[in-house]
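A.B. asks: below are the sequence and a predicted model for it; my questions follow.
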2 protein chains.
Amino acid sequence: MAASALQSLAFEHLVTATKQVPHKRIVRVTGELAKCMGSNGLMAGQAADMSSEGTSSESLDHVKWIHLHKTAALLEGSAVMGAVSGGANDEDIEKLRNFARCIGLMFQVVDDVLDVIKCSEDLGKTSGKDLVSDKATFPKLIGIERSKEYAMDLNREAQEMLQGFDSVKAAPLIALANYIAYRSA
Amino acid sequence: MAASALQSLAFEHLVTATKQVPHKRIVRVTGELAKCMGSNGLMAGQAADMSSEGTSSESLDHVKWIHLHKTAALLEGSAVMGAVSGGANDEDIEKLRNFARCIGLMFQVVDDVLDVIKCSEDLGKTSGKDLVSDKATFPKLIGIERSKEYAMDLNREAQEMLQGFDSVKAAPLIALANYIAYRSA
């Protein structure tokens, strides 16, 4: 019930506290917020994730799908809501949407990799492969090296989406992408 | 999780499927929807109701507060959202808000009364007083006759709010109020 109350509060805050943004944009932003949370967004990813626990034979595509919904959707919503509020054109909005999807997915790949490395270091083993749970993870599905490469690919793709934007304005987004890519904890 | 997904869907539907309504009104309607569901509306009433179960010594004011939030808030939201969408002025919006609060509260009073009468009939007892649960209800707090009178007062107050509106347009609302007041099941 607290979750439901907080969810309402998010929408209430959005439509009552947003100043100096045209109503047309607020309506569109509200739709983006609802979409990224709902049954085609976070909730879908969380439900799929919970129902696939214990089935480590999941395909890579399915794991990507889970994380694009469970993790990346809220980043996507955040980026797109900012872009729409600021009056970006549709092309730029889609670039920022893709940027956010890439860093969202990358966050999860890096998280999986760090989990293996950390377990491995903590327990003094050379491979973390046997330490991952029965949940499908990127290292388990494609190995740790290819997972690291995949994260770097996602970082490259994310930053390509920012080409053409004012470099000063894009700098914090680039820094965020690199922070997610290179974090060690 | 299904509840959260459905809640998002309500907002998504509101902002994407509403046609021929100015964006300014859609923004205001979204705020009303959020408010009537959230921590100052339905959720608050439901939480208060659950936390007061087993405490039949609740005051009348507290029981009214619970039902104004748990039951009447969604009726209030429905009426106000329609009024705002249709372009009503603030004075008329507040009249419709009060109308909905009255019939929402009346719904609960009548529900409590019917519950006592039904239990009484089913079990062949002359008084239902001892049959009410340990939850505070209107009949328990003020007796069944005064509860019935209170329901009639609320129906009168609700319909007074509709005076001044086009009588043809107000007719369905009057019929709804009377239906709630005089239902027998």
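C.D. replies: Looks like it came in fine.

A.B. asks: is residue A:134 in a helix, a strand, or coil?
C.D. replies: coil (DSSP: H, G, I helix; E, B strand; the rest coil).

A.B. asks: is it correct that it is in contact with residue A:58?
C.D. replies: No: applying C-beta atoms under 8 Å, one finds residue A:134 not in contact with residue A:58, separated by 10.5 Å. All C-beta atoms are positioned from the backbone trio N, CA, C, and that covers glycine.

A.B. asks: more neighbours: which of those two?
C.D. replies: Counted by other C-beta atoms under 10 Å in any protein chain shown, residue A:134 and residue A:58 do not tie: residue A:58 has more neighbours, with 19 against 10.

A.B. asks: quick check: closest non-adjacent residue to the more buried one.
C.D. replies: Distances taken as C-beta to C-beta, 6 or more residues apart in numbering or on different chains place residue A:136 nearest to residue A:58, at 3.7 Å, with adjacent residues excluded.

A.B. asks: what residues sit buried inside the strand or helix carrying residue A:114?
C.D. replies: Using DSSP states H and E, residue A:114 maps to helix A:90-123. Neighbour counts over helix A:90-123 (16 or more other C-beta atoms under 10 Å in any protein chain shown) mark A:93, A:95-113, A:115-116, A:119-120 as buried.

A.B. asks: which strands and helices sit next to the next helix or strand after it?
C.D. replies: Using DSSP H and E, the next helix or strand after helix A:90-123 towards the C-terminus is helix A:138-142. Packing partners of helix A:138-142 (3 or more C-beta pairs under 8 Å, 6 or more residues apart in numbering or on different chains; DSSP states H and E): helix A:60-67, helix A:90-123, helix A:144-160.

A.B. asks: then helix A:138-142 to PDB, C-alphas only?
C.D. replies: Only the C-alpha atoms of helix A:138-142 are listed here, as PDB (Å, rounded to 0.1, in the frame of the first residue of the first chain):
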ATOM      1  CA  PHE A 138      25.400 -12.200 -18.300                       C
ATOM      2  CA  PRO A 139      28.600 -13.900 -17.100                       C
ATOM      3  CA  LYS A 140      26.900 -17.200 -16.800                       C
ATOM      4  CA  LEU A 141      25.400 -17.000 -20.300                       C
ATOM      5  CA  ILE A 142      28.300 -15.500 -22.200                       C
END
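
A.B. asks: okay, buried residues for it please.
C.D. replies: A:138, A:139, A:140, A:141.

A.B. asks: do stretch A:69-84 as well
C.D. replies: Buried, per 16+ other C-beta under 10 Å, within stretch A:69-84: A:69-81, A:83-84.

A.B. asks: I figured residue A:21 hits residue A:85, correct?
C.D. replies: Yes: using C-beta under 8 Å, residue A:21 is in contact with residue A:85, at 5.2 Å.
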